[in-house]
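# Give the three-dimensional model of this entry:
(chains A and B)
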Amino acid sequence: MQRLLSSLAAHPLALVCAVLALSVLAAATLFDARTGQIRLRVDPSLERLLPPQDEDRALFDRVRALFGETDPVLLAVELGNVYTAGNIERIDRLTRRLAELEGVRQVVSIANVQNPVADEFGINLSTFAAQARADPAAVAGFAQQVADNPIYRDALVSEDGRVAAFALSFADLDETRFRAEDYTGRIRAMAHEITGAEQVWVTGSPVIKAATTDAILRTLKFTIPAIFALVVILLLAAFRSLPTVVFAALTVALAVLWTLAIASALELSLNLVTTLVPVLVATLCLAYTVHVLAEYFHPRRPEQQRDRLERVYRRMGASLTLSGATTVAGFLALIPGSLPAVAQFAALSSLGVGLSVLLSLLFLPALLTLIGPQGGRRPLGAAMFARKARKLAVFDLKWRNWIIAIAVLSLPVDLYYASKIRVGTEYINGFDADQTVRVDYEAINSAFGGANLVSILIETYVNDALTDPALIREVESLQDWLEEQPEVGATVSYVDHLKLINRNLNDGDPAFHRIPDDATAVKQLLVFGGSDEIRRVIDSRFRTALIAVRIRVDASIEIAEFVRRTESRLQKMSPPLNGQVTGSPVLATRTVNEIASGQLTSLLVAFAVIWAMLALMFTSVRSALLSMLPNALPVALYFGTLGALDITLSPTTSLIACVVLGIAVDDTIHFLTRFNHDARAKASEKAAVKSALASVLRPVTFTTVALALGFLVFTGSELRNQVQFGALAAFTIVLAWVSDVTLTPALGSRLRIVTLWDILRLDLGQSPQHTIPLFSGLSLRQARVFALMSRLETHPTGARVINQGDSARDIYVVVDGTLQVWVERNGDRKALAAMARGAVMGEAGYFGQRRTANVDALTPVRLLRFDSQDLERLRQRYPRIAAVIYRNLNRIQAERLARATAMIQ
Amino acid sequence: MGKGKARMRLAAVMLAAMPTTLAFADEPLDAVLSCMRANVPQSVQIKEVELTAVDRVGSKRVLRGRLYGQREKEQLRTSLKIAAPPDLAGAAYLLREKGDGDEMYMYVPALQRVRRITGTGSDGSLWGTDLSYGDVKQINNAFSAGGGAVDGQGELDGRPVHLLTLVPDPAEDSRYASMKVWVDQQTCVSLRADFYEGSTVRKRWSADPASLARAGKHWYVGRATMSDLVEGTSTSLRVLGVSSDVDLAGRYFNPQTFYLGS
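Below you'll find the predicted structure:
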């Protein structure tokens, strides 16, 4: 590793060139060279977040395969009074023009549907438009005829007769083309042009998806420049050097570019969840660049460029890797059992974090070395942060028990409120109230008793079963029940068609608006009397049927409640009738619930993975657990806030906990690592709390501000779920900061941590377990752990290590160098012994006596110094190591006693 | 309801008959159309017409019946009686072309009465199949009052064909913008036809050349399929026992009696 870092530090130009070449390749992958357009597709559908093999999605696809498209575009035109010959003619013209639009499979309006008029002479099956043309006076009866027809009632014309509706179904027209060619706008313009109406509304699943895509793209267009503006401002404030800012911004840009290019190469699309990735990556990369720049410009004595680069690589390599790893762990915890979209979000974000670490660590310092400024200005606010840190440390230490108590006691309160969290999201209400897409939806929803379509699939698996009058009556009863539900605006099934056919073929006698008494009659009426439209509600073998249900509600919680009740009602149908609920709103609702239900698992996995990493890093299960508390607290507070403020757990808000946990734990690591270092150096945990806070408060605060502002960029989105994500993530990251500057120091003040890096880096010389008697019987790792639980001191030649007569309780072990033990006798210096590697000294002080001799360094020396508190801490944390150390201490004392006894004798 | 009228005309139309004179490759459109129309016999009886409708998911529904057609003063009279499946047997349709519009009568056994149907369009499907009266009429007779052109000559399944593009008369109120037809040069029977909605092929008619057969001097195809390329459905048609220019009883074409007897 060292060799690799040295090699990289030796070739900054090659490194920069390689990164730039890869960036050109990434740009070519992401952008279409001819059009300049981004190749990444945006997929706004919630239902496609479900895995392809998902049962619900399979059911939805089967219904579409059996009965055709179930998500038409709905156009509504306010004509004042639909029932005039002129307006019927306008509707007819518009219907024809709409049908000519490429990709339109069918347009249904009052103009082109049959208006069966039956009498004793026969049945006139011509359309409303044809009847109006043949006899304009007939239009006067249309309102009543529509009201008498359950298939048309409140579907083609609003109840007040003012608004005409058009249902457009499409074939071979995917959502991308629908949006790219602005079908919504074209349909609207056509309606204005042909009818002259001022009020025209367009809605339906394709329209809302197109509007969502537009909103996502507009959000990206806004958030990405905004995040870069933020990057520039923050970096300028922190480092006050334009080239530094430009290079750091370039690093962030490359991290985003590479991430999106890989997404494009893998043909992933940006959906409602993955659209958060670019800003998230930019924000995290910004935080990493801040740490790297701080190290790069850290004031030191003059050094060669190569040495400087190697130093940055060496010092930042470990900490950035750990930061990145914990963040990635938070993201990856979202994957187990999650939906593909969430897994993609986690994988893409992790990839982005990895690339950010790589570019921040390697590319940015290399670029600065080549062409950047070499001296850093005094960091902004350094003195102020130092003062605040001191005050904060005093506060944390003074109120340590209170801080811990409040944190621990707040957990059950948070959990209580968290238990009140409702899972759900709002689809159309995710747009602002004045947005056209929402205005149109609400207008149509209100005029036609529902603009969301849900399908109920009735299956029997027996040919012709649905011609059995007994079963038809059950379906009719189900339909009646559905229409009683508060969410339902209208329903249509083959039973409606059947009753109408029966009435029409019996001279229009209302008495025959009923189900025929035998199956043969039913089948004959359906086969010979059914229009093309009947194929949309019953299959050709009369074994499967569909009830089309228009619902007025949009929020997933209300839809879920309706689905639950309906499924319960469907269970009551007698065999061979089986019913299932499906449709875009149902699928989207299930997707939302699926995402949120994986939340607890994800969180537990995130906690477990991060805890395991910390345990490995701190070489202590207990320390890792304690350092998780400051991160569990903001997560608990976040969920408590959701419950208390009745904010639903949606696909985006459910990501926050894991994301913030992965990010916030970095600050804990930064503090504890620094604290550990200082505690060892200063031999005082209280002093270490002060110095560690003084050291990390500024960068931790700075990165928190950067992250919070980065998340707040989302509040500029048009989509409420993204606004919620931004605001809540910023809120939670600030909570994490508060926790990290209060609870972490409070907990850490009695914590001594040994990090894996410490162990790996610590040099105790050749085979310390064999050459230092105190370590006899320990492994190399155990010897290093003990050394790190103690204090490793260095003394120059001539330094006094122990003063005769002092009262002290430390024991020293010589790691390397030579010392002399001497006493003063009658003004003369009398040397008693020379101490070299492995020697133990000062044990008299350990047993409560004053120092009996002086000890001076004859050469530069390194000593391990420990006292009874260190040994007690060791006993608690590493009892096996402590046992060996105690045994060795006893043996050393015994040997010394034996030697002394022998000398006396 | 009321797609029945197509069924009747279907008879005459389906039985695209032998041309009295063969059309040549470089002949103008009128000559090719005239040759096609000459395949319509004076009268026809088909002992069995079988329609197999395949829906989007591959489920099949089979209808069988017997068809009678007659040309009277250049206007068609067609009746069709359903023989199978048993629960639909006995249903019957009668279509009478008239100068001021077509008349259609339907008999449904369950109702035990004849109903006169008016106002149905020519594009509605026949009993939930992919065939409509308008489609079949256009396949064989072309758009009688529309325009078009001979695009050239070609080959289909090893047989030389005329390639026609036909556009409907606006008065026919057709849903299609145009139709491309592959007309067999030897028999003047349409072997393939693509129906265009805008620039999209909505339906495709494909006849099996191996099933080309003669009834008297008229050619017809014994097997063909109409596919709805948008809906993903198709309907296969099979005709057996075709007799042309036969004497047919008047009761088959009388609104009071067309459903009686076998």
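# residues contacting residue A:766?
Contacts for residue A:766 (CB atoms under 8 Å, 6 or more residues apart in numbering or on different chains) come out as none. Yep, even glycine has a C-beta here, placed from its N, CA and C like the rest.
# name the element it belongs to?
Residue A:766 belongs to no helix or strand when assigned by DSSP states H and E.
# do the same with residue A:178
helix A:175-180.
# I would like the residues contacting that helix, please.
The contact list for helix A:175-180 (CB under 8 Å, 6+ apart) reads A:41, A:43, A:44, A:45, A:103, A:170, A:184, A:206, A:209, A:210, A:213, A:214.
# Does anything pack onto the very next helix or strand once past it? Which helices or strands?
Next in sequence after helix A:175-180, counting helices and strands by DSSP H and E, comes helix A:183-195. When contacts are defined as 3 or more CB pairs under 8 Å, 6 or more residues apart in numbering or on different chains; DSSP states H and E, helix A:183-195 packs onto strand A:73-78, helix A:85-100, strand A:200-203, helix A:205-239.
# Could you check stretch B:248-255 and say which residues are buried?
When burial is assessed from 16 or more other CB atoms under 10 Å in any protein chain shown, stretch B:248-255 yields the following buried residues: B:248, B:252, B:253, B:254.
# just stretch A:768-776 next, same as before
A:768, A:769, A:772, A:773, A:774, A:775, A:776.
# And the average pLDDT for stretch B:215-223 is what?
Regarding stretch B:215-223, the rounded mean pLDDT is 87.
# again, but for stretch A:92-105
Stretch A:92-105 shows a mean pLDDT of 88.
# Run the contact check for it versus chain B.
Yes - Stretch A:92-105 lies within reach of chain B by CB under 8 Å from any CB of the partner chain, at A:100, A:102, A:103, A:105.
# low-confidence ranges in the stretch 101-250 of chain B?
Counting by pLDDT under 70, the stretch 101-250 of chain B has low-confidence residues at B:101, B:119-125, B:128, B:133-146, B:170-174.
# Can you verify my assumption that residue A:94 contacts residue A:166?
Yes - if you go by CB atoms under 8 Å, residue A:94 and residue A:166 touch, sitting 7.0 Å apart.
# that older thread, which of the residues of stretch A:92-105 next to chain B tops the neighbour count?
Among the residues of stretch A:92-105 next to chain B, the one with the most neighbours (other CB atoms under 10 Å in any protein chain shown) is residue A:105, at 19 neighbours.
# I'd say that residue and residue A:171 touch.
Yes - using CB under 8 Å, residue A:105 makes contact with residue A:171 at a distance of 3.8 Å.
# who touches both of those two?
Here residue A:105 and residue A:171 share the contacting residues A:69, B:230, B:231, scored by CB under 8 Å, 6+ apart.
# What is the nearest of those to residue A:307?
residue A:69 (67.7 Å; CB to CB).
# Pull the contacting residues for the closest one.
A:105, A:169, A:170, A:171.
# did I read that right, it in a strand?
No - note on residue A:69: no strand contains this position according to DSSP: H, G, I helix; E, B strand; the rest coil, which reports coil.
# Which pLDDT value goes with it?
Confidence score, pLDDT, at residue A:69: 71.
# what is the rounded mean pLDDT of whichever strand or helix holds residue A:785?
Using DSSP H and E, the element containing residue A:785 is helix A:780-789. For helix A:780-789, mean pLDDT rounds to 81.
# Mind checking what helix or strand follows that helix in sequence?
Once the chain leaves helix A:780-789, the next helix or strand it forms, by DSSP H and E, is strand A:791-795.
# give me phi/psi at residue 115?
Picking chain A for this. Backbone torsions for residue A:115, taken as degrees, to the nearest 10, come to phi -120, psi 90.
# That was the other one, I meant chain B.
The phi and psi values for residue B:115, taken as degrees, to the nearest 10, are phi -120, psi 130.
# contacting residues for it?
Residues in contact with residue B:115 (CB under 8 Å, 6+ apart) are A:122, A:123, A:505, B:105, B:106, B:107, B:108.
# what helix or strand does the closest residue to residue A:248 other than its chain neighbours sit in?
Leaving out its chain neighbours, the residue that sits closest to residue A:248 by CB to CB, 6 or more residues apart in numbering or on different chains is residue A:289, at 4.4 Å. Under the criterion of DSSP H and E, residue A:289 resides in helix A:277-296.
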